[in-house]
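>>> I would like the atomic coordinates for the input below:
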Amino acid sequence: MAREARLKFVDFSEPSSGIVTLPPFTPILLTTTPVELASVTLQGSNSNDRQVVMGSIGTQLVVTAQAAASATGQFSVLYTLTRNGVTVYEFTDGGATPPTAAAVGAISIASVTSSFQHAETGNSGTLTYRLFAQLTFKAGQGDSSPVASIPGPLTLIGMVIDKNEV
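Sure, this is the predicted structure:
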């Protein structure tokens with residue numbers, strides 16, 4: 001017997017372009033409030049179906065030299081995927097800015113594109129998946145407040161795949 005899979009339902013979210021600035025972290029706790037980036041709702045899922053959620057997130061750190069020093073910085077972002085309010089997947093990504101010339105107003109930018117894919121079974125009904133970002137580490141040299149943002153692209157895709165035997 002051959003196995004087949006049939007796509008039952010797809011939902012797609014690509015929020016309008018624009019910058020989502022991640023709130024600054026609390027230095028003592030190295031954590032901040034998660035920011036919701038996108039959501040998809042999957043309908044018609046049965047417990048034997050497979051739910052697949054995948055996404056791509058463009059993140060950026062901008063450091064501007066406030067004094068005659070080179071501007072550099074590092075950041076780390078925790079991404080969390082929830083299903084109906086329950087965390088089902090997490091990953092961390094980040095980057096570092098290259099050093100810039102030692103001049104007031106010098107800008108250093110780090111851009112990172114993160115991608116993920118998550119699959120699960122055993123869920124039924126209407127399932128809402130939400131993607132959150134939480135800045136967990138940010139440091140800048142030559143700048144007291146580097147800015148981490150999500151300028152895009154940002155894409156979240158959810159699918160329900162019906163598994164049948166033929």
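>>> Which SSE is immediately downstream of the longest strand anywhere in the chain?
Looking across the chain with DSSP state E, the single longest strand is strand 125-141. Following strand 125-141 in sequence order, the next helix or strand is strand 147-150 (DSSP states H and E).
>>> about what we covered before: from the contact counts, what lies against the longest strand of the chain?
Here strand 125-141 touches strand 35-45, strand 50-64, strand 72-83, strand 86-96, strand 147-150, strand 154-165, going by 3 or more C-beta pairs under 8 Å, 6 or more residues apart in numbering; DSSP states H and E. (Each C-beta comes from the backbone N, C-alpha and C, glycine too.)
>>> Mean pLDDT lowest where, among these?
In terms of mean pLDDT, the lowest-scoring of those is strand 147-150 (a mean of 74).
>>> which secondary structure elements does it contact?
Using 3+ C-beta pairs under 8 Å, 6+ apart: strand 147-150 touches strand 20-21, strand 50-64, strand 125-141.
>>> Run the angle between the longest strand of the chain and strand 35-45 for me.
Here strand 125-141 runs at 160 degrees with respect to strand 35-45, directions being taken by axes from the mean of the first three to the mean of the last three C-alpha atoms, to 10 degrees.
>>> Also compute the angle for strand 125-141 relative to strand 154-165, please.
140 degrees.
>>> Strand 125-141 versus strand 50-64: what angle between them?
Calculated by the same axes, to 10 degrees, strand 125-141 forms an angle of 20 degrees with strand 50-64.
>>> List the strands paired with strand 125-141, with their directions.
strand 35-45 (antiparallel), strand 72-83 (antiparallel) (DSSP bridges).
>>> mind putting the ones you listed in JSON lines, mean neighbour count and distance to residue 122 included?
Compiled in JSON lines, the strands paired with strand 125-141 are given as follows (neighbours: other C-beta atoms under 10 Å; distance: least, C-beta to C-beta, whole Å):
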{"stretch": "strand 35-45", "mean neighbour count": "17", "distance to residue 122": "10"}
{"stretch": "strand 72-83", "mean neighbour count": "20", "distance to residue 122": "11"}
